[in-house]
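**Student:** With the input below, show me the fold.
(one chain, ligands or ions: 2)
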Amino acid sequence: MSGNASTDSIPVRVIVRVRPLISLELSSGAGECVTVDEKTGSVFVNDRAFLFDEVFGSKCTQDFVYSESVSDLLSSSFNGYNTTIFAYGQTGSGKTYTMGTGVDYGNDEDRKGILPRMISDLFERLDTEVEKCAKEGYSYEIHRAKSYWVIIRRFLEIYNEKVFDLMNSRNESLSIVDNGDNVLVRGLSERRIYRAADMYAVLQEGSESRSIGATEMNQQSSRSHAIFTITICKISETEGTIRGKINFVDLAGSERLEKTKATGSRAQEGISINKSLSTLSKVIEALSTHQSHIPYRESSLTRILKDSLGGNAKTVMIACVSPADSNNSETVNTLRWADQARKIQNKPVVNVDPK
Ligand code: ADP
Ligand code: MG
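**Tutor:** Numbers count the residues shown, from 1 in each chain. Ligands and ions are numbered 1, 2, ... in the order given. The predicted structure is shown next:
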């Protein structure tokens, strides 16, 4: 990898994951209306067909989903690229399970989702890099402290357009400020991390405070978006500081948005319920139809994640769906949305601060 920034456009990679029927659906006698062809990336809902970059059927394990869909993004971030993984879909479709941002999924090795798997890989890889540097004459400690950093840049939740810090138990909302090309959240915690265990602890604590919020504010978790961001920094004598960011985004349930669309006159109400999700759809539509104005500024989520949509990042969208025939129309809506996201082009570059 050279320090030269590539300016090639690459499309957002769109993946669909179909979960198995869950006990509630089984006990209510639900049938399945979704089939997949993993070889071709096709999804069929009754007789409608959709084509994606990759499709995972209900038998795919967490490990398989991780290694096939996102594990290579880690190398990209080590090399200075920004990367983003979104999980989209109706409530109960498997977003949190797939991302691994829920409190219940951290302990069972097989059920661990993308984020905890990536954390293990990240620190394993860091150890290898550090050893390599030790051979080159640096001491392990010095290297770890001075030349490689891993920072949890943010762990936040967006609820009703307000931003809350999940690494700080004070329950006040924070403001978003535009700082030239950069969008910052004022007062957000940041933590330098040296061990995988410390990062799991932050994830666990933040996910817990998210779920406590859910019982206090009814259904908060299905209406809120959670963003966990890691930055990997490397100081190189020759190249300067190389920085790669990884965003993990567990989106709010999409069904409210779709209901809003279905009942036109109530659009305004729906927009205030979850402006971020409807703006996300507007941004994707504007990007996929090459409009000149992209409405990033209309919501907190799209302001914070502007770079991940049409900008400087390698982005993967995982659309999660239920196979149950009772969810047929939500599943079709999710797949249509995901199909549109495939038309977005990003321009990832290596982030280097020459010194
Ligand atoms: P969401 O975050 O989209 O609302 P969840 O991730 O909480 O949905 O999943 C809803 C339920 O379905 C949970 O009980 C979860 O354990 C289960 N589930 C989701 N995906 C799978 C899967 N691929 N395999 C087994 N169970 C799953
Ligand atoms: Mg969830």
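
**Student:** Can you check the pLDDT for S236?
**Tutor:** S236 carries a pLDDT score of 72 in this model.

**Student:** let me fix that: S211
**Tutor:** Reported pLDDT for S211: 65.

**Student:** Could you do K135 as well?
**Tutor:** Reported pLDDT for K135: 69.

**Student:** burial of whatever residue of the chain ends up closest to ligand 2, as a residue count?
**Tutor:** Per C-beta to the ion, the residue of the chain with the smallest distance to ligand 2 is T96, at 3.2 Å. C-betas here are computed from N, CA, C, even on glycine. Residues near T96, counting by other C-beta atoms under 10 Å, number 24.

**Student:** Then D181?
**Tutor:** Neighbour tally, D181, other C-beta under 10 Å: 9.

**Student:** That one and F86, how far apart?
**Tutor:** 21 Å (C-beta to C-beta, to the nearest Å).

**Student:** now I294
**Tutor:** Between I294 and F86 the computed distance is 17 Å (C-beta to C-beta).

**Student:** higher neighbour count, the two?
**Tutor:** With neighbours defined as other C-beta under 10 Å, I294 and F86 compare such that F86 has more, 25 against 19.

**Student:** does the more buried one sit in a helix, a strand or a coil?
**Tutor:** strand (DSSP: H, G, I helix; E, B strand; the rest coil).

**Student:** right, and it touches C320 too?
**Tutor:** No - using C-beta atoms under 8 Å, F86 makes no contact with C320, being 10.4 Å away.

**Student:** Show me where this protein dips below the pLDDT cut-off.
**Tutor:** The chain contains residues with pLDDT under 70 at 1-7, 105-107, 133-147, 211-221, 256-273, 355.

**Student:** All the helices of it, residue numbers only.
**Tutor:** Here the chain has its helices, by DSSP state H, at 23-27, 62-69, 71-78, 95-99, 114-135, 140-142, 196-216, 220-223, 255-262, 267-273, 275-288, 300-304, 328-341.

**Student:** Could you list the buried residues of the second one?
**Tutor:** Neighbour counts over helix 62-69 (16 or more other C-beta atoms under 10 Å) mark Q62, V65, Y66, S69 as buried.

**Student:** got the contact list for the first one?
**Tutor:** Yep, that's Q62 we're talking about. Q62 is in contact with T98, G100, D110, R111, K112, G113, I114, R117, counting by C-beta atoms under 8 Å, 6 or more residues apart in numbering.

**Student:** same thing but at 6 Å, please
**Tutor:** K112, G113 (C-beta atoms under 6 Å, 6 or more residues apart in numbering).

**Student:** buried residues in stretch 237-254?
**Tutor:** Buried, per 16+ other C-beta under 10 Å, within stretch 237-254: 239, 241-254.

**Student:** circling back: who's in contact with the residue of the chain closest to ligand 2?
**Tutor:** G102, D250.

**Student:** State the distance from it to G253.
**Tutor:** 10 Å.

**Student:** just R170 next, same as before
**Tutor:** R170 is 27 Å from G253, by C-beta to C-beta.

**Student:** circling back: and the helices of the chain: which comes nearest ligand 1?
**Tutor:** Comparing the helices of the chain against ligand 1 with C-beta to the nearest ligand atom, the closest turns out to be helix 95-99 (3.3 Å).

**Student:** Got phi/psi on N168?
**Tutor:** N168 adopts backbone torsions of phi -150, psi 130, taken as degrees, to the nearest 10.

**Student:** What's the local residue count around the residue lying closest to it once chain neighbours are set aside?
**Tutor:** With C-beta to C-beta, 6 or more residues apart in numbering as the criterion, N168 has its nearest non-adjacent residue at 4.9 Å, and that residue is S189. A count of nearby residues for S189, using other C-beta under 10 Å, gives 17.

**Student:** Ok, S71 next?
**Tutor:** Look at S71: counted by other C-beta under 10 Å, it has 15 neighbours.

**Student:** Likewise for D353?
**Tutor:** 11.

**Student:** Can you name the residues that contact it?
**Tutor:** Neighbouring residues of D353 by C-beta under 6 Å, 6+ apart: G240, T241.

**Student:** Please name the bridge partners of it.
**Tutor:** T241 (DSSP bridges).

**Student:** and if you look at V36?
**Tutor:** Beta bridges link V36 to V43, judged by DSSP bridges.

**Student:** Hmm, it is touching G57, no?
**Tutor:** Yes - if you go by C-beta atoms under 6 Å, V36 and G57 touch, sitting 4.5 Å apart.

**Student:** Any idea how many residues pack against V183?
**Tutor:** 18.

**Student:** can you tell me how far the nearest residue in space to it that is not next to it in sequence sits from A226?
**Tutor:** Ranked by C-beta to C-beta, 6+ apart and with sequence neighbours excluded, the top spatial neighbour of V183 is R303, at 5.3 Å. Computed as C-beta to C-beta, the R303 to A226 distance reads 16 Å.

**Student:** So these two - more neighbours on which side?
**Tutor:** For the pair R303 and A226, the greater number of neighbours falls to A226 (26 against 19), based on other C-beta under 10 Å.

**Student:** List the contacts of that one.
**Tutor:** Counted by C-beta under 6 Å, 6+ apart, A226 has contacts T101, E157, D250.

**Student:** and the second one, what does it touch?
**Tutor:** Going back to what we said before, that points to E157. Contacts of E157 by C-beta under 6 Å, 6+ apart are F164, L166, R210, S224, A226.
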